[in-house]
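Undergrad: curious how this folds, go ahead:
(one chain, ligands or ions: 2)
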Amino acid sequence: MASPTHFLVVVVLLLLGVATTAFSLSPNFYDKVCPQALPAIRKVVEADGSLFTSVVMVHSFWIPHLLSKPRKNARGNLNPVRGFEVVDQIKAEVDRVCGRPVVSCADILAVAARDSVVALGGPTWKVRLGRRDSTRARLDLANTELPSPSLDLPGLLNNFRKQGLNRRDLVALSGAHTLGVSRCSIFRNRIYNATNIDPAFAKQRRATCPRTGGNTNLAPFDSTPAHFDTAYF
Ligand code: HEM
Ligand SMILES: *[C@@H]1O[C@H](CO)[C@@H](O)[C@H](O)[C@H]1NC(C)=O
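TA: Ligands and ions are numbered 1, 2, ... in the order given. Take a look at the predicted model:
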């Protein structure tokens, strides 16, 4: 006979089961509801084929960091809005093939970033899906929480720790700078004043980043800014 205690235990287990199902992420999350979603994302990313799109996708994990900066790219002037247009385009295509908006924007970005990395010669991985879109994103807060480019190692570690990210996460995520470029104004002080920098590298960067002026001149973070590789490290 079921005692009240048994009943309570069963209810608690059921609730735990529901909670686990509701909050666990899985690469197969959309297999039943919309199996066409992931191939559709890959198709748009591959068809677009621009480095800029990939940079935006990879950057999207760090969205405010992207929004807070004027976007230009080593291949010339590029419209900052363009990357977001591609995001919108992917979203529209996914909603179209699925028949209704079932895939979250967070999941679309995570998959598009992975597909972009693969398109630029990087590794692949299974994306765990089922992320919900935030209903309380705060651009102002996100901007103030972002690590400044002038932070030192303890400062960066502290900044990441506040977001629940550890030392290993800091090193791995910084590897995203295998793609893209930075403005002269941001690294000028370092290439003229720092002692803990490879002198040959500093000299090379000084060629396009003068002591005064040229603030918006761009330089890549590594020797292969269009390839997702380990050159940055
Ligand atoms: C560790 C803390 C980080 C700092 C201090 C930092 C700093 C910077 C700076 C200063 C730039 C150049 C911006 C400009 O000149 O306008 C940049 C660019 C970039 N960052 Fe970060 N970043 C960090 C983490 C990340 C993470 C976690 C990602 C992605 C996972 C990322 C992806 C990128 C990309 C792709 C670019 C190139 C953008 C472009 O070419 O337009 N960064 N970052
Ligand atoms: C080098 O550091 C000094 C002292 O902090 C500063 O005044 C100067 O502007 C820096 N030089 C460059 C090129 O950033």
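
Undergrad: for ligand 2, what are the nearby residues on the chain?
TA: Residues of the chain found near ligand 2 (Cβ under 6 Å from any ligand atom) are Arg188, Asn189, Tyr192, Asn193, Arg211. The way it works is simple: take the backbone N, C-alpha and C, and place the C-beta from them, glycine included.

Undergrad: quick check: closest non-adjacent residue to whichever residue of the chain sits closest to ligand 1.
TA: Relative to ligand 1, the nearest point of the chain is Gly180 (2.4 Å; Cβ to the nearest ligand atom). Counting by Cβ to Cβ, 6 or more residues apart in numbering, Val55 is the residue found nearest to Gly180 once chain neighbours are left out, at 4.7 Å.

Undergrad: do Ile186 as well
TA: Excluding the flanking residues, the one nearest Ile186 by Cβ to Cβ, 6+ apart is Pro149, at 5.1 Å.

Undergrad: same question for Trp125.
TA: Arg114 (6.3 Å).

Undergrad: quick one: contacts for the one you found?
TA: For Arg114, the contact set (Cβ atoms under 8 Å, 6 or more residues apart in numbering) comprises Thr124, Trp125, Val127.

Undergrad: what about it, which helix or strand?
TA: Assigned by DSSP states H and E, Arg114 belongs to helix 105-119.

Undergrad: okay, buried residues for that helix please.
TA: For helix 105-119, the neighbour count (16 or more other Cβ atoms under 10 Å) marks 105, 107-119 as buried.

Undergrad: nearest to Glu145 among those?
TA: Closest to Glu145 out of the buried residues of helix 105-119 is Leu109 (18.9 Å), distances taken as Cβ to Cβ.

Undergrad: doesn't Met57 make contact with the closest one?
TA: Yes: counting by Cβ atoms under 8 Å, Leu109 touches Met57, with 6.9 Å between them.

Undergrad: shared neighbours, those two?
TA: What both Leu109 and Met57 touch, as defined by Cβ under 8 Å, 6+ apart, is the set Val87.

Undergrad: which parts of this structure are strands?
TA: 181-183, 218-220 (DSSP state E).
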